[in-house]
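Participant: Sharing a sequence plus its predicted fold:
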Amino acid sequence: MTQLLSGNSLVDSLEISDDGLTAISMILDERRNFSMSMYKDKCMKRRIAIRMRSCRCHNATEYCNLLQQSEQELDLLKKALTIHVSQFFRNPSMFEKLQTVILPHLFQKAAAERKKLRCYSLGCAGGEEAYSLGIILREYYSRQLLYTPVEICAFDIDSDILHAAARAEYNDDRLKDLSDSFRDRYFAPNGHRMQLSAEIRDMVSFHLHNIMDVATFDPCQLVLCRNTLIYFTRQDQEKILRGIAHILPPGGILVLGKSETVVGEVRQLFATICPVERLYRRL
Ligand SMILES: C[S@@+](CC[C@H](N)C(=O)[O-])C[C@H]1O[C@@H](n2cnc3c(N)ncnc32)[C@H](O)[C@@H]1O
């Protein structure tokens, strides 16, 4: 009968109890120093169920046994829990607002204060978001770059994805929102993939960090934190947002993903610039 169910139904049919989740989480913590406690249980259970299904494990006990024996499965589970979906110019209208409204203001402020402009991509996955910002800066702000140095730092918790981000080779699906002219100018074929030019690669540095510790990062003027908060518990979303508020000076900009919003008391510290694009200004 299960053979006839759709893929999703099979995943749903693998129930993981809270105890099962705790057992898996303890193994991952012990063997990979990776804490699942910050993420929403429902998200974690769903992703674990997908791994269990592909390993043909029928319950959490079987899966724990497998995890105890297999280094490879530990790596695969960790990867599955930190989903890396991204693409260049994801939500193009947000990048348009960034280019036309936000960056002029940030450059003006940085020039007036004779400061460099530091921008962060938190939960950067394969670097698509940080590099998209780099392309905009190179295309539209090359004159300003002569006077105001810009630093783009991208952070993720997964070292493998950061290495891939630094290589900057992408399959076509990651480039589908890219205009033909940007594609021609900034990418070259490399086997069956496309590689980003060194000119843009060199604008971004990648760092292995947990964004739960964002309050300890150096101050910056622009934070892109899109499609990452959504996986965290409400309490940890608030902690991350408090940390971001801490490192953003007044006038600094926060950008969230389309289905994310500023939650908790920290709302008082941000003004909404554009609710549709989830753009906020630090007060
Ligand atoms: C869905 S991707 C978002 C990519 C990009 N920001 C975007 O919107 O296209 C989420 C990323 O957050 C990273 N991530 C998850 N938990 C994290 C944490 N605690 N600290 C840093 N990065 C984290 C994952 O590894 C993953 O690469």
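Facilitator: Received it, and whenever you're ready, just let me know what you need. Numbers count the residues shown, from 1 in each chain.
Participant: Break this protein into its domains for me.
Facilitator: For the chain, automatic domain parsing gives the domain ranges 2-81, 92-282.
Participant: For these, state which one has the densest average packing.
Facilitator: Scoring the domains of the chain by mean neighbour count under mean count of other C-beta atoms under 10 Å gives domain 92-282 as the most buried, with a mean of 18. Every C-beta, even on glycine, is put in place using the N, C-alpha and C of the backbone.
Participant: Which one of the domains of the chain lies nearest to the ligand?
Facilitator: domain 92-282 (2.8 Å; C-beta to the nearest ligand atom).
Participant: does that closest one come close to the ligand?
Facilitator: Yes - counting by C-beta under 6 Å from any ligand atom, the ligand is contacted by domain 92-282 at 123-125, 128-129, 155-158, 161, 210-212, 226-228, 257.
Participant: can you tell me which of those are in helices?
Facilitator: For those, the ones inside helices are 128-129, 161, with DSSP state H as the criterion.
Participant: quick check, nearest of those to Ser25?
Facilitator: Checking those against Ser25 by C-beta to C-beta gives Ile161 as the nearest, at 20.8 Å.
Participant: That closest one reaches Gly126, doesn't it?
Facilitator: Yes - using C-beta atoms under 8 Å, Ile161 is in contact with Gly126, at 6.1 Å.
Participant: hang on, Val266 packs against Arg242?
Facilitator: Yes - under the contact definition of C-beta under 8 Å, Val266 touches Arg242, with a separation of 5.1 Å.
Participant: returning to what we had before: spit out the residues that contact Ile161 and Gly126 alike.
Facilitator: Common neighbours of Ile161 and Gly126 are listed as His84 (criterion: C-beta atoms under 8 Å, 6 or more residues apart in numbering).
Participant: can I get the ones in helices among the residues of domain 92-282 next to the ligand in a markdown table with pLDDT?
Facilitator: Listed next are those as a markdown table, based on pLDDT from 0 to 100:
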| residue | pLDDT |
| --- | --- |
| Glu128 | 98 |
| Glu129 | 98 |
| Ile161 | 91 |
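Participant: you'd agree Cys64 is in a helix?
Facilitator: Yes - counting by DSSP: H, G, I helix; E, B strand; the rest coil, Cys64 falls inside a helix.
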